[in-house]
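> how would this look folded up:
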Amino acid sequence: MKGINIFNPVDIEREYYLKIIEYAKANGIDHIQINGPIHNLQKGNIGGMITYKKYTQFNGEQDLDYVNLNLEVVNECLNISHGYGIKTYIWHHELDLPDGLKDEFPEIVNEYGDVEVSHPIVKDFLENRIKDFFDAYPKMDGVVLTLHETKIPLLKLKNQKLGKIERVKFVTQTLYDACKKYGKELIVRPFASIAEDYEMMTKAYEEISKDLVIMDKWTQFDWSLCLPHNKFFEKIKNNPLIVETDIFGEYFGKGNLPIYLYGHITEKYEYCQRFKPIGYCSRIDRAGAHNFGTVNEVNYVIMQALTGKKDVETEVNRFFNEKYNENGQVVKELMLETENLQKAIFYINGYYFTELSRFPSLNHSKNHFYFEIMKDNYEIKSNEWFIPIGWERGSIENLLFEKQTAVEKSEKLFNKIKELQDKLSQENYADLYNKFANLYFVAKIWQELLNVYIYYVKAVENGVAFENQLTASLERLKNINDEGKALLEDKFYPLIADNLTGGTTKQDKVETFIEEVKASYRAEKKARDNTDKNLTDYIICGGALESHSLKKEVNFSDTLIYKNQLCRIPGNINGLKWSGINAHGWFSYEIRVKPNSENTIKILCGSVNGRLDVKITIDGVEKEIREEISKEKWITFNYFAKSGKDKIEIRIDKISANVSLVYIIQVI
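Numbering: from 1, shown residues only. As a prediction, the model looks like this:
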C-alpha cells in the first residue's frame, strides 16, 4: 500500500483535495487518509461530518455548515478517487461522545463521575454513528482509529468495570464489527508512549482479529528527527503493519524552512523494511501548508522512489534539474546541509530544543527542562520523549558555539540563495528566498533564546547581577524578531496561526514568550523572596527551577501563571477550557525531609472553579481531597522520616474534570 495523509489537522477544502487526488493518480498512490480538524470539538472526527439519525437530539453540537460542506465536497472527491481505484479512509478518535450524552442518559456515568465505557448506550451510540457515517459517505473505504487525544481519555479513566486492555478491546471491537457489517475496513493506531500500553493495545488488536491492520509512526512516540526508530514495531506479532511517515517536516519547519530529509527518510525506510510492512502512509501537509511546488517537494520524490523501487539519487537529480534547469545542482548542494543545520538550531547537543519546530511557549520550556538544564548541577529524571537516554548537556560554552555556528552557516546559505535571483523563475526564487531567510532568522532567534534561559537561571540563582543581562537578552530577542517580521511580513516563520481550532489570525509567539518570561520571573522572584529560607526544603511549582527530580505524565502536566502566581496543573492546560480532555494527569517531585524526625509538609492548592479534587501521595501513602474552596488553601500533612531517609516522593494526581492548581510545597 502506498498512501498519503492529508488535512493535518485542518478543515476540508475542495481545491486542495482535488489536487491531491490527481497527484495520487499520477504517482501510483493507492489510498488517501483524511485527517481533518480532529482537535476541533464541533468539526472533528466522524461526528463532525454527519447529522445523527437515531440520536438526533445531539445534532446541535456540530457545525452544520461544515457538515454540509463535507457532504458535498468529500462525496464529490470520493466519486473521483473511487473511479481511479484509489481508496479513502477517514481518521477518527475515540472516545469522542457528544457533551449532551451523559445529560440525556445519566445512567452511563459511574460513581467516579466518568462515562462508563462498557455501558450498552455507549455501545449503541458508537454503532449508530458508524452506520450514519457510511450512509452519508457510501464510497468511504474505512476508518483509521486512534484511542487518544479525546474528550473522554479512554486509557486514563478511573474505576471502570473494564480494565485497560478490556476497554481498548471493547471500543475497538465495537467499531471493527460495525465497519465490517457495512463492508468497510478499520485501521488502528496504537499511538502509545509507554511500552506497557503498546503491548496491551497490540494484544487487544490481535485478539479481535489477526487481519486488523495496525498503523504506527516510524519514529517512536512522534515526529522529531532526534527520536529513535520505533522499537515498538517488534511487539506487533501477527497483525499487518502500515508504517506512518512524515515527509513534510512537521517538526522541522512545517514547510516554512528548507529541509532535505534524504538521510532521515532512507534510514527510517531501511529500518522499517525489516518488519515487512504491507505499506506506507506519508503525511504530506500540516496546518494548511504543503510542499507542492516548493524545493521541499524533493522529500516526496525520495519517498516515492523508495516505495516504487527506483534509484533515489537519479530521481532526486531529475527533480532538481527539471525544476531549476542549469542551476539544479547548485540548489541541491545548498539543500544538502539543511537537515543537519536544522538539528543544530532546534537541538542542544542532540536534545530537542523547541516545540514541534515552533518557537517554544514558556509552559513548554518549563515542562521540557529548558531552564533547568542551564543550571551547573542540572538534574533530569522525567525520561520523556525528547530526552535521549543518558543525555549529557556538555558545557554551556559548547551549546553557545553550536548555536553561533548554525547562525554563520545559515547566513552563508541565505547569501548564496540571493546570488540566484536573476537565474531562476520569480516563483522558484521567492520560495527559496523565503525559506532560507527564515532559516537564518530562526537560527538567530534560537541562539538568543538559549541566552534567555541561561540568564534567567543565573538571575534566579544569583540575583540582581544577572537581571540586567536577562533584560538585555529579551530585548535582543525582540529586535531579531522585529527585523524578521519587517523583512518577511506574513511569511515570517515564528508567526503561527491557530490551526487547531480553524483560526487564521497569526500570533507572534516570540512577543508572547517575552512577556510571559518577564511575568514568570517577577512571580518566581516574589515567591522565593517571601519563602522562609530556614525550611528543610521547598518547591515553587511552575517555576523555572522547580525540578526536584520532577516526573510527569507526557503532555499531561502543565505550568501556569494564575492570578500573578506560578503553579503547576496535574493535567493539560487545555483542561481549563475543555475540562473533559486529558482529565487525569499527574506529576511528582523528590523533596528533602529531616531523617529520624517529624516533618510537617504543607502544600498550597487552588482551583479555577472553586472545587479542589486532587489525590496527594506522600511516600506511597495516598489521600484524596474533595472539597469546595473559595481561595487558595494550605493542605497540611505530618510525616515521620525514618533514620537514614532524607528524601521522599510527593505525587499529585488529578482525579476529576475539575482543574486543581498546586502553588508551593514546603517541608518544615
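
> and stretch 82-89, C-alpha only, in PDB?
As requested, the backbone C-alpha atoms of stretch 82-89 are provided in PDB (Å, rounded to 0.1, in the frame of the first residue of the first chain):
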ATOM      1  CA  HIS A  82     -13.000   5.800  -6.400                       C
ATOM      2  CA  GLY A  83     -13.100   6.000 -10.200                       C
ATOM      3  CA  TYR A  84      -9.300   6.000 -10.200                       C
ATOM      4  CA  GLY A  85      -9.200   2.900  -8.000                       C
ATOM      5  CA  ILE A  86      -7.900   5.000  -5.000                       C
ATOM      6  CA  LYS A  87      -9.200   4.000  -1.600                       C
ATOM      7  CA  THR A  88     -10.000   6.600   1.100                       C
ATOM      8  CA  TYR A  89     -10.000   6.400   4.900                       C
END
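
> Pull out the buried positions in that stretch.
H82, I86, K87, T88, Y89 (16 or more other C-beta atoms under 10 Å). Bear in mind the C-beta positions are built from the backbone N, C-alpha and C, glycine included.

> Am I right that S193 sits in a helix?
No: assigned with DSSP: H, G, I helix; E, B strand; the rest coil, S193 falls outside any helix and is coil.

> Got phi/psi on it?
With angles defined as degrees, to the nearest 10, S193 shows backbone torsions of phi -100, psi -10.

> What of the one 4 residues further on?
According to degrees, to the nearest 10, the main-chain angles of D197 amount to phi -70, psi -40.

> which SS class is the residue lying closest to it once chain neighbours are set aside?
Leaving aside its chain neighbours, D197 sits nearest to L155 (6.5 Å; criterion: C-beta to C-beta, 6 or more residues apart in numbering). State at L155, reduced to three classes by three-state DSSP: helix.

> Please enumerate the helices of the stretch 1-150 of the chain.
Along the stretch 1-150 of the chain, counting by DSSP state H, counting those that start in this stretch, helices occupy 14-26, 64-83, 101-104, 120-136.

> closest to N481 out of these?
Nearest to N481, of all the helices of the stretch 1-150 of the chain, is helix 14-26, at 30.3 Å by C-beta to C-beta.

> The closest one vs helix 64-83, what angle?
20 degrees (axes from the mean of the first three to the mean of the last three C-alpha atoms, to 10 degrees).

> Renumber starting at 4 from here on
In the new count, where the first residue is 4, that last one comes out as helix 17-29.

> May I have helix 17-29 exported as PDB, CA atoms only?
Provided in PDB are the C-alpha atoms of helix 17-29 (Å, rounded to 0.1, in the frame of the first residue of the first chain):
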ATOM      1  CA  ARG A  17     -12.200  21.400  -2.200                       C
ATOM      2  CA  GLU A  18      -9.400  22.800  -4.400                       C
ATOM      3  CA  TYR A  19      -6.600  21.100  -2.500                       C
ATOM      4  CA  TYR A  20      -8.500  17.900  -2.200                       C
ATOM      5  CA  LEU A  21      -9.000  17.700  -5.900                       C
ATOM      6  CA  LYS A  22      -5.300  18.500  -6.500                       C
ATOM      7  CA  ILE A  23      -4.300  15.700  -4.100                       C
ATOM      8  CA  ILE A  24      -6.400  13.100  -6.000                       C
ATOM      9  CA  GLU A  25      -4.700  14.000  -9.300                       C
ATOM     10  CA  TYR A  26      -1.300  13.900  -7.600                       C
ATOM     11  CA  ALA A  27      -2.100  10.400  -6.100                       C
ATOM     12  CA  LYS A  28      -3.200   9.200  -9.500                       C
ATOM     13  CA  ALA A  29      -0.100  10.500 -11.200                       C
END
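
> So what's the gap between that helix and the chain middle?
In terms of C-alpha atoms, centre = their mean, to the nearest Å, the centre of helix 17-29 is set 27 Å apart from its chain centre.

> list the helices and strands the one helix or strand S476 maps to packs on?
Under the criterion of DSSP states H and E, S476 resides in helix 467-491. In terms of contacts (3 or more C-beta pairs under 8 Å, 6 or more residues apart in numbering; DSSP states H and E), helix 467-491 is packed against helix 429-465, helix 512-532.

> What helices and strands are in contact with the longest one?
With contacts taken as 3+ C-beta pairs under 8 Å, 6+ apart, helix 429-465 sits against helix 341-349, helix 399-421, helix 467-491, helix 512-532.

> deepest of those helices, which one?
helix 341-349 (a mean of 22; mean count of other C-beta atoms under 10 Å).

> what's the next secondary structure element after that one?
Next in sequence after helix 341-349, counting helices and strands by DSSP H and E, comes strand 350-351.

> Sheet-wise, list the partners of that following strand with their directions.
strand 354-355 (antiparallel) (DSSP bridges).

> Could you give the average pLDDT over the strand it pairs with?
Throughout strand 354-355, pLDDT has a mean value of 90.

> Kindly report the same for stretch 393-404.
94.

> Quick check: end-to-end length of that stretch?
22 Å (C-alpha to C-alpha, to the nearest Å).

> what's the spacing between it and its chain's center?
Averaging C-alpha positions (C-alpha atoms, centre = their mean) puts stretch 393-404 26 Å from its chain's average.

> Can you tell me what sits against it?
I351, N352, G353, Y354, I376, M377, Y381, I383, Q450, L453, N454, I457 (C-beta atoms under 8 Å, 6 or more residues apart in numbering).

> now I262: how far from Y496?
12 Å (C-beta to C-beta, to the nearest Å).

> which residues are in contact with both of these two?
Common neighbours of I262 and Y496 (criterion: C-beta under 8 Å, 6+ apart): G256.
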